[in-house]
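Chemist: Next one to model:
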Amino acid sequence: MNLKVRCVIFSIQILGLLQLSHSQDTCELNQFRCANEQCITGEFLCDGKQDCMDGSDETRHECLKTEIICPQYAFRCDYGACIDGDALCNGVDDCVDKSDEKSSRCRGSITNTSVVNSGNCGINQFKCNSGQCIDDIVVCDGSPDCSDQSDETSTTCSSHQCPKFTFQCAYGACIDGDKKCDGIRNCVDGSDEEFILCSENKIAISSTTQKIKNQVTSTTSSPWIQPQSTCFPPKQPQNGRWKLHKSQCQSNEHCDANQNTVMIPGTYLVYNCNPGYELKGSSDIFCGPKSKWSSEPECVEIRCKPLSSVSTVAECDYNNEWISCEVLVPPGTSAKISCRDSYRQDTTVLGLQRDIVRCNAKGQWEPKPIHCIPVCGIRSTSLNPLIVKGGTPNISDFPWHATLYKSESRYDEKMFICGATIIQNDLLITAAHCVYNEEIQRVESPEKFSIATGNIFRDFNSLLHDSRLVHKRNIKNIFIDCNYSGNKGRYSRDIAILQIDKVFTFTQFLVPACLDITNNDHIAIDVGQKGSVAGFGRTELGPSSGMLQSLTVPVVPLSHCKSASASNESDVYTTLDKFCAGYTNGSSVCNGDSGGGLVFNNQGLWYLRGIVSVSIGSKISDGIPVCNNNLYSLYTKISSHMSWIQDIIFKLETHKNIPPCDTASDFSRRLF
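Modeler: Okay, here's the model as predicted:
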């Protein structure tokens with residue numbers, strides 16, 4: 001059955017349920033706000049699939065709320081989500097908790113649970129499948145009292161005998177007879193509001209004396225009172241048709257309904273399109289309690305998506321005539337695709353992709369078109385400008401950013417220390433002071449360091465990492481300029497190259513930053529130019545940020561740094577290979593941002609121009625000296641070390657020996 005199942009959350013409840021998840025309007029009204037502050041479409045809440053990166057849209061806390069009601073044709077997962085009823089026991093885990101494929105349910109081995117003493121429950125209690133005990137008087141009353149709702153199932157209630165004055169739900173529960181067809185679902189399965197049962201959407205009132213507004217009148221006919229909430233059938237869609245869902249039809253098949261029939265809340269309609277057309281929107285809608293239908297779909301002509309993009313160039317023809325590949329194209333269109341400049345074909349799925357493809361009758365390109373990924377410096381989304389007072393970026397904003405960790409042994413916890421920037425599939429750049437030990441006056445052992453990429457969350461082993469995006473590597477070699485001498489040398493030449501033990505496979509979410517070998521820094525980092533940096537540094541409110549932050553800062557004259565730092569005796573750190581950038585309004589890189597790359601956009605490509613190096617001032621916070629986020633920061637200028645970088649890369653590629661350095665200095669300067 002090609003029918004997407006969503007939980008029935010009536011419009012008034014959507015506002016309540018989804019607004020509870022709002023915080024300062026971070027999500028739209030029709031969106032759900034995940035625990036990690038991600039926003040997803042409201043209809044994806046409790047649908048059996050985790051759409052929030054942290055999985056908070058598919059939890060018992062959200063899905064067992066009273067606002068979540070599953071349609072009669074749906075199956076309810078043990079934690080409360082609603083999935084297609086036909087997906088039950090189909091060999092595929094459609095519920096996050098896999099409850100739709102539990103062996104006991106799929107073998108039909110669940111036995112009828114009677115309302116008797118069971119296990120550790122009392123004499124007048126019912127034991128839920130989860131082991132919870134509830135009063136037996138509330139079992140099969142139309143309202144679930146077990147957290148797993150096992151007190152309101154056909155297994156439990158099918159043998160129930162209901163008194164004459166009650167109404168028996170389709171699955172066996174008993175509810176007050178007056179609640180039948182009152183516009184409210186009183187049976188868990190909604191069978192008290194089925195369209196056939198309430199076909200005229202009218203309630204018969206016996207032809208006896210009624211008291212209205214304290215006046216007694218009599219009638220000889222049977223008056224009909226229409227419930228307050230009703231829906232008039234929507235217009236049939238162009239190039240398609242809707243029908244009543246089969247759960248509301250006597251034939252147990254989707255059926256037609258009179259266009260003039262008044263429909264009650266909970267009525268479900270199923271949409272289908274004519275050949276050559278496909279649905280845009282949900283294939284099913286329901287009548288809500290405010291006499292409004294949920295969003296109506298439309299039938300649109302089947303087309304294949306455009307192939308020409310920022311990464312690809314395509315040439316299309318239809319019936320041997322040229323047509324544009326930058327718009328939707330009809331089935332039967334052929335196309336030849338190639339990668340644009342600065343892009344290359346993604347070779348990780350090379351066997352599945354072709355550069356010559358055809359649009360099929362389903363509106364899909366076949367075979368699968370080639371995927372072109374950036375060679376360097378490309379990101380797919382724009383940066384949120386304003387990590388002090390920084391914004392949280394999308395991971396694709398900084399696909400070249402990496403996080404550097406250190407542990408004294410392989411058994412110790414890996415602690416976050418610095419940022420780094422990917423420049424090749426096996427090389428990264430960071431600040432030398434991140435890997436340099438001032439006390440022993442030399443570079444630390446590479447075995448102590450690891451890196452992670454694609455991580456929004458700071459901790460190395462965070463359970464919130466997206467395994468599809470986060471990649472971890474160990475450091476194999478560390479190279480610094482042998483003239484680097486730490487604090488003694490005023491942190492001049494504060495640059496290091498890290499070689500990892502296993503090369504990266506680049507994707508659209510893992511891309512190296514570009515290096516400018518033309519030495520155009522005098523233009524690219526001229527005063528007033530703005531660069532962007534990401535990191536997990538100290539925030540305005542205190543400690544290191546637990547989530548990746550981003551900041552856009554302007555380049556300022558080096559003299560500004562010198563004058564601002566004079567009172568802090570920090571002007572000695574404004575060496576020739578540094579440039580100055582930032583604000584004095586509290587927006588600044590800070591403790592923990594060291595080593596991160598400051599990148600600048602040049603004709604759509606992002607170039608690494610600077611490395612977060614030194615803060616020119618410090619302040620005391622809770623008795624601890626930290627960076628002063630109201631002062632500028634100094635960045636190591638990449639162009640000053642381009643020859644050294646190219647020399648390291650050349651020797652690695654040609655397998656030439658790179659002798660280790662033996663440098664020394666003393667430690668007296670706090671770095672961030």
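Chemist: hey, where'd the helices end up in the protein?
Modeler: Secondary structure of the chain (DSSP state H): helices at 11-19, 60-63, 103-106, 154-157, 521-524, 558-565, 642-653.
Chemist: looking at the ones you listed, which has the lowest confidence?
Modeler: Mean pLDDT is lowest for helix 11-19 out of the helices of the chain, coming in at a mean of 36.
Chemist: Now for Ile137, how many residues are close by?
Modeler: Number of residues near Ile137 (other Cβ atoms under 10 Å) recorded here: 11. C-beta coordinates here come from the backbone N, C-alpha and C atoms, glycine included.
Chemist: who's in contact with it?
Modeler: By Cβ atoms under 8 Å, 6 or more residues apart in numbering, Ile137 lies in contact with Asn124.
Chemist: give the contact list for Ile638.
Modeler: By Cβ under 8 Å, 6+ apart, the residues touching Ile638 are 429, 495, 515-516, 521, 608-611, 645.
Chemist: Over to Asp577?
Modeler: Asp577 touches 492-493, 636-637, 640-641, counting by Cβ under 8 Å, 6+ apart.
Chemist: Distance-wise, check it relative to Cys133.
Modeler: To Cys133, Asp577 is 72 Å away according to Cβ to Cβ, to the nearest Å.
Chemist: now Arg493
Modeler: Separation of Arg493 from Cys133 (Cβ to Cβ): 71 Å.
Chemist: The two: who's more crowded?
Modeler: Using other Cβ under 10 Å as the criterion, Arg493 and Cys133 rank with Arg493 on top: 22 against 16.
Chemist: Touching, the more buried one and His641? I think so.
Modeler: Yes - taking Cβ atoms under 8 Å as the definition, Arg493 is a contact partner of His641 at 7.0 Å.
Chemist: Which neighbours do those two have in common?
Modeler: Residues touching both Arg493 and His641 (Cβ under 8 Å, 6+ apart) are 481, 577.
Chemist: Counting neighbours, which of the contacts of Asp577 comes out on top?
Modeler: Counting neighbours by other Cβ under 10 Å, the top entry in the contacts of Asp577 is Thr636, with 27 neighbours.
Chemist: For burial, what's the neighbour tally of the closest residue to that one other than its chain neighbours?
Modeler: Distance criterion Cβ to Cβ, 6 or more residues apart in numbering; nearest residue to Thr636, sequence neighbours excluded, is Ile611 at 4.3 Å. Using other Cβ under 10 Å, Ile611 has 30 neighbouring residues.
Chemist: Tell me which residues touch Ile611, please.
Modeler: Applying Cβ under 8 Å, 6+ apart, the residues near Ile611 are 421, 429-431, 494-495, 595-598, 635-636, 638.
Chemist: now, which of those residues sits nearest Ser467?
Modeler: Closest to Ser467 out of the contacts of Ile611 is Thr421 (22.8 Å), distances taken as Cβ to Cβ.
Chemist: gap between Tyr405 and Cys287?
Modeler: Distance from Tyr405 to Cys287, by Cβ to Cβ: 55 Å.
Chemist: In terms of neighbours, single out the busier of the two.
Modeler: Neighbour totals were compared for Tyr405 and Cys287, and Cys287 leads with 27 against 22 (other Cβ under 10 Å).
Chemist: and the closest residue in space to that one that isn't next to it in sequence, what does it touch?
Modeler: Distances taken as Cβ to Cβ, 6+ apart put Cys231 closest to Cys287, at 3.8 Å, once the chain neighbours are dropped. Neighbour list for Cys231: 262-265, 267, 287-288, 291-293 [criterion: Cβ under 8 Å, 6+ apart].
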